[in-house]
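Asker: quick one: sequence plus predicted model below, questions after.
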Amino acid sequence: MNDSESWIQSYTGEVIRPLSSSPGNIRIDDIAHSLSMQCRYTGHCTSFFSVSEHCCHVSDVLRERVGFSMALYGLLHDASEAYLSDVPRPIKPLLNGYQEAENRLLGIILNRFGLRKELPHDVHIIDKSMLAVEKEAVMVEVSGMSWELEGIVPLPSVEIQCWNPREAEVEFLKRFFTLCPERYW
């Protein structure tokens, strides 16, 4: 089977070819629903903590610190995971071709919603700072193992709430419709 034959069915019934998709198949409803149903850290946290809630917090911090124009990038920075799933950071480099597929699909998604295909540097910085917040809020301490967060300070303005999937989906969509021009819905 080649890349163009591989497909998944989305929440809204779209046929998505994650490795060869086009912007026309990307729906915000699918992204919001899927990310709200996926637990960060492959579910190994103390409470259910969705990718969607993570994205909302990244978006909120970017909006507060950098400005309104960066907030949509923060909200959508993990949107490819709606179609490829959330793979833990330490594992991604070990999966041949995964990072390239994720970057390609994210570029298509960002383009679909009127954004440049590359994530701005500020998004990566806030995303890494969120790891420090999440480590403290939803993970147990493991002695002798490093999260490689030296010099990263948790964001004091973020309070992890562990929304249930429905709350996470609603909050994600609420932010999207505030941030994204109507012509991209």
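Answerer: Great, that's in hand. Numbering: from 1, shown residues only.
Asker: return the distance of Ala79 relative to Met139.
Answerer: Using C-beta to C-beta, to the nearest Å, Ala79 is found at 24 Å from Met139. For every residue, glycine as well, the C-beta is placed using N, CA and C.
Asker: neighbour-wise, which of these two wins?
Answerer: Taking other C-beta atoms under 10 Å, Ala79 and Met139 do not tie; Ala79 has more neighbours (26 against 16).
Asker: just checking, that one is part of a helix?
Answerer: No: using DSSP: H, G, I helix; E, B strand; the rest coil, the assignment for Ala79 is coil, not a helix.
Asker: verify the stated contact: it with His33.
Answerer: No: the pair Ala79 and His33 fails to qualify as a contact (C-beta atoms under 8 Å) at a distance of 11.9 Å.
Asker: show me what contacts Ser157?
Answerer: If you count contacts by C-beta atoms under 8 Å, 6 or more residues apart in numbering, Ser157 has them with Val61, Glu64.
Asker: again, but for Ile152
Answerer: Going by C-beta under 8 Å, 6+ apart, Ile152 touches Lys128, Ser129, Leu131, Ala132.
Asker: where does it land in three-state SS?
Answerer: coil.
Asker: with the one 4 residues further on instead?
Answerer: Three-state secondary structure (criterion: three-state DSSP) places Pro156 in coil.
Asker: just give me the neighbour total for it.
Answerer: Neighbours around Pro156, by other C-beta under 10 Å: 7.
Asker: need the contact partners of the strand or helix carrying Asp60.
Answerer: According to DSSP states H and E, Asp60 maps onto helix 51-65. Helix 51-65 has contacts (C-beta under 8 Å, 6+ apart) with 32, 35-36, 38-40, 70-79, 81, 86, 122-123, 126-127, 129-130, 133-134, 155, 157-158, 160-163, 165, 168-169, 171-172, 175, 179.
Asker: distance from the following helix or strand past it to the middle of the chain?
Answerer: Downstream of helix 51-65, the next assigned helix or strand under DSSP H and E is helix 68-76. Put simply, helix 68-76 sits 11 Å off its chain's centre (C-alpha atoms, centre = their mean, to the nearest Å).
Asker: how about stretch 40-54?
Answerer: The answer for stretch 40-54 is 12 Å, by C-alpha atoms, centre = their mean.
Asker: quick one, the helix or strand where Ile31 lies and helix 51-65 angle?
Answerer: In this structure, Ile31 is located in helix 28-37 according to DSSP H and E. Angle, helix 28-37 to helix 51-65, by axes from the mean of the first three to the mean of the last three C-alpha atoms, to 10 degrees: 110 degrees.
Asker: residues in contact with helix 28-37?
Answerer: Contacts for helix 28-37 (C-beta under 8 Å, 6+ apart): 10-12, 14, 16, 50-53, 55, 76, 78-79, 81-83, 109, 113, 163, 165-166, 168-169, 172-173, 176, 180, 185.
Asker: residues contacting the most centrally placed residue in the chain?
Answerer: Nearest to the geometric centre of the chain sits Asp78, at 2.2 Å (C-alpha atoms, centre = their mean). Applying C-beta under 8 Å, 6+ apart, we find Asp78 in contact with Leu35, Val51, His54, Cys55, Asp86.
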